[in-house]
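Q: Sequence plus the predicted model coming up.
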Amino acid sequence: MTEKNNLLGYILCTPQEENRVFCRELDDKRNINEYTYKNLLLSSYNFGKSIEGSDVGEYIPLFLDTSYDFLRSFFGVLSAQKVCVPLHTIANEDAITHILRKVRAKSIIVTKPCLYKKLAQIEYVQEHIHTIFCSSEVIEQKALPCQHIDLFEIFNREASTEEALSSIGQVVENSNPDDLMQIVFTSGTTGEPKGAMLSHRNLISCVVRAGDHLSIDHTFRTLTFLPLSHVMAQNEVFIALTKRALVQIVGRDHLLHGLRNFQPNILVAVPRVYEAVYNGIQRKLRKKDFMRKLLQRCVNTYHKYKEASLLGKMYHGLFVHTIGSVITSKIRKNIGQFKILVTAGAACPQHIYDFFEAIGMPLTNAQGLTEVSGAIVYNEPSKTHKGSIGYPLKGVEAKIAEDGEILFKGDPVFSGYFEEPDLNKLTLREGGWFKTGDLGRKEIINGKEYLFLLGRKKEILVLSSGLNIPPAQIEERILQSGQEIIQQAMVVGDGEPRLGALVVPQDDHFNNPNIREEISKIIRQVNMQMDASEKIDNFEIIREPFTVENGMLTPTMKIRRPVVFQRYKDVIGQLYGTTG
C-alpha cells in the first residue's frame, strides 16, 4: 500500500466513502453511536480552522479518554498544522506539570468534568493555560479564570464537504513527511517522562506495514479500549483507518459488553487482559470438573504434538476441532469471533501463548516502543517460535550491539526526544540506529531474522559475585509455574550474594492459610529449571498488587522496579537480614 505524506491524507474521503462508517462508539450509558468518514472530516476541519492562526500555542495537549472525540481533536490539531501532545489521563500531577511546562502549553483539550477537576488543581494550568477547549458540562463547572470554549459547538458547525476536502487536501499536498506530528511522553519505569518526537513518516510507515503484515482489510472490526495517549492503541486505530476497517471504541469498564455487542474480529491488548481471560476461564471450570479435565487434555495434547510428526499434528488438530471445539465455541460466544489476537506493550507469559494456541485462538506477539512509533516486530500465529518476539517489519533493520543491546533502524524510528540533546546523543547512534535498552539475540529461522529478548539493560541485577542476572525470564518462570496462585512477582538481589523475590498472590488466595507453603513449592519447582546463580533463595509475600494507581506499574503494565524497591525496601532487607 502506498504511504501518504501526511496522516490527514487518510481521512480524505471519496464521494463513495462519505457515508461509510468510520467509527462506532459505546458511550458511558451503553448507547452505540456511529460516525462516518464525512463526520470525521468535517469535525476535524472545523476544529482545525478554529485554532489556525490563533494564539493557542504550537503544541496542543489532549487530556482525553479513548474516544471518537480524541480522534477528531487529534486530526483537527494536525489540520491546523500544529503538534499533538497526548496526555495519559492516569498521570499524576507532577508528570502532567512536567509535560505542560516542557512544551510551554498555552491551551488544552479536556471534555470530562472529572479530568477537568484534576487539571484545575495544577499550578501550571492555573497560571499559564489561557484557553481550554471543553464540553458544556465542564463550562458549567468552570473553576479556572481562563477562556473556556465549547469544543462540541465547534465540531458541529456548518461546513461543506468540498471546502473541507480542499482545505485539508492542501495541507497534505504541502506537507513534508518528516514534519513533526506529535510528541508522546513515555511513562518509563524511571525518571521524568521524556517526549518522543514522531513525524508523519514515522507513524505512517509503522501502521501501513503492520497492516500489510497482518493482512488487515476493510472487513476487520477492532475493539479499541487501550489509552490513545499510547502509540500501540494509535497503531490499532490508524491501521484500521489506512485499511478502511471499522474502528469500534469502548471504555475499559464496558469491555465485556463491547465484546458481546460489537463482535470484533481483531483485538489488540496488553498481556494482562489475556491473563484475565485465562484466569476467568480457569475459575469457572473449577466448578465443572469434567470440562476442566477436557480443557486440560486439549492443552496437554497440544504440548505433546505441537512439534511432533505429521500423524501427531493431525491427531492434535482432530482433537482441538472436535472435542476441544465444545469449549472454544463457548469461549468465542463470550469474547468474539476473532481472526487476530495481538498481545503488545509488555512480555506475555509463555503459558498464556500456549493456552490460546492450544484452544485454536493463537496470539500474535507485537513488540516495539514509543520511540519506534509502536510495534515494529511481529510474530505470526501460525509460525511462532518459542521465546521469540518475532521479526521486524518490512524496511526495518535490527542488529545486536557488542554489549548485546538490540538496535533498530528504519522509517518508524523517531528523530529524538524533545529538547533533550544530551540524551539524544546517547540514544541515537551514527547512521540512525536507535538503542532500545533491551538485551537480545538474533536467530535466522526460515530465512527471517527472529529476535529473542533477554531483558532490559537497566534492569539487570548484578550479584555481589559480579554475575549479571536478567530478572524478567525468572519472573516469567515463576508466573508460569504458579499461574493459578501467583499474579505478580519481582526478582531482587542487586548487590546481594543471591536472588530473592517479592510475590503477590492471586486475589482469591490472599487469605489462604497455606499460601506460603504453596508458593515455596512453586519456587522449588522453578529453581530446578535454573542455573545455580539464578535460583531464588528466599521470598516475601506482598498483599498489595502492583497497579498503575499505586505507581508500581507503568500505564503499559511494566513493573516500576525502583518504585517497588523503595516501597518494600524494609521487606527486601528482611530477605537478606539487613533490617531491624
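A: Thanks, I have the structure now.
Q: Next one: the residue nearest to residue 119 when sequence neighbours are not counted relative to residue 101, how far apart?
A: Spatial nearest neighbour of residue 119, chain neighbours left out: residue 125 (5.0 Å); criterion: C-beta to C-beta, 6 or more residues apart in numbering. Any C-beta I mention is one placed from the backbone N, CA and C, and that applies to glycine too. Using C-beta to C-beta, to the nearest Å, residue 125 is found at 11 Å from residue 101.
Q: So for the two, which residue has more residues nearby?
A: Applying other C-beta atoms under 10 Å to residue 125 and residue 101 shows that residue 125 carries more neighbours, namely 24 against 11.
Q: so the more buried one touches residue 100, yeah?
A: Yes: if you go by C-beta atoms under 8 Å, residue 125 and residue 100 touch, sitting 7.0 Å apart.
Q: Tell me the residues that contact both of the two, please.
A: Both residue 125 and residue 100 are contacted by residue 108, under the criterion C-beta atoms under 8 Å, 6 or more residues apart in numbering.
Q: tally of neighbours for residue 31?
A: 8.
Q: can you pull the pLDDT of it?
A: At residue 31, the model reports a pLDDT of 89.
Q: CA atoms only: put the helix or strand encompassing residue 240 into PDB for me.
A: Assigned by DSSP states H and E, residue 240 falls within helix 231-243. The C-alpha coordinates for helix 231-243 follow below in PDB (Å, rounded to 0.1, in the frame of the first residue of the first chain):
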ATOM      1  CA  VAL A 231       1.200   4.600  20.400                       C
ATOM      2  CA  MET A 232       0.100   1.000  20.500                       C
ATOM      3  CA  ALA A 233      -3.500   2.000  20.700                       C
ATOM      4  CA  GLN A 234      -2.900   4.600  18.000                       C
ATOM      5  CA  ASN A 235      -1.400   1.800  15.900                       C
ATOM      6  CA  GLU A 236      -4.600  -0.200  16.100                       C
ATOM      7  CA  VAL A 237      -6.800   2.700  15.100                       C
ATOM      8  CA  PHE A 238      -4.600   4.100  12.400                       C
ATOM      9  CA  ILE A 239      -4.100   0.600  10.800                       C
ATOM     10  CA  ALA A 240      -7.900   0.400  10.600                       C
ATOM     11  CA  LEU A 241      -8.000   3.900   9.100                       C
ATOM     12  CA  THR A 242      -5.500   3.200   6.400                       C
ATOM     13  CA  LYS A 243      -7.200  -0.100   5.500                       C
END
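Q: In it, which residues are buried?
A: Neighbour counts over helix 231-243 (16 or more other C-beta atoms under 10 Å) mark 231-243 as buried.
Q: Stretch 58-69 too?
A: Residues 59, 60, 61, 62, 63, 64, 65, 66, 67, 68, 69 are the ones in stretch 58-69 that count as buried (16+ other C-beta under 10 Å).
Q: what sits up against the helix or strand containing the third one?
A: Put plainly, it is residue 61. Using DSSP H and E, residue 61 maps to strand 59-62. Under the criterion C-beta under 8 Å, 6+ apart, residues 51, 70, 73-74, 77, 82-87, 99-100, 103-105, 107-109, 183, 229 lie in contact with strand 59-62.
Q: Can you select the buried ones among those for me in ChimeraX?
A: To isolate in ChimeraX the members of the contacts of strand 59-62 that are buried, counting by 16+ other C-beta under 10 Å, one can use:
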select :51,70,73,74,77,82,83,84,85,86,87,99,100,103,105,107,108,109,183,229
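Q: among the contacts of strand 59-62, which are in strands?
A: The strands, defined by DSSP state E, take in 83, 84, 85, 86, 107, 108, 109, 183 from the contacts of strand 59-62.
Q: Now do the same contact list for the closest residue to the fourth one other than its chain neighbours.
A: Looking back up the chat, that one is residue 86. Counting by C-beta to C-beta, 6+ apart, residue 86 lies nearest to residue 229, which is 3.8 Å off, once chain neighbours are set aside. Listed by C-beta under 8 Å, 6+ apart, the contact partners of residue 229 are 62, 86, 87, 88, 89, 184, 555.
Q: how does it look with 7 Å?
A: Applying C-beta atoms under 7 Å, 6 or more residues apart in numbering, we find residue 229 in contact with 86, 87, 88.
Q: coming back round to it: if we take the buried residues of helix 231-243, which one ends up nearest to residue 278?
A: Distance to residue 278, by C-beta to C-beta, is smallest for residue 232 among the buried residues of helix 231-243, at 20.6 Å.
Q: residue contacts, that closest one?
A: 226, 268, 344, 345, 374, 375.
Q: Around the first one, how many other residues sit close by?
A: What that stands for is residue 226. So residue 226, with other C-beta under 10 Å, has 23 neighbours.
Q: cool, the one 4 residues further on as well?
A: Neighbouring residues of residue 230 were enumerated by other C-beta under 10 Å; the total is 23.
Q: now swap in residue 350 and tell me
A: Each residue near residue 350 was counted by other C-beta under 10 Å, and the total is 14.
Q: from what I can see it touches residue 480, true?
A: Yes: the criterion here is C-beta atoms under 7 Å, and residue 350 meets it with residue 480 at 5.8 Å.
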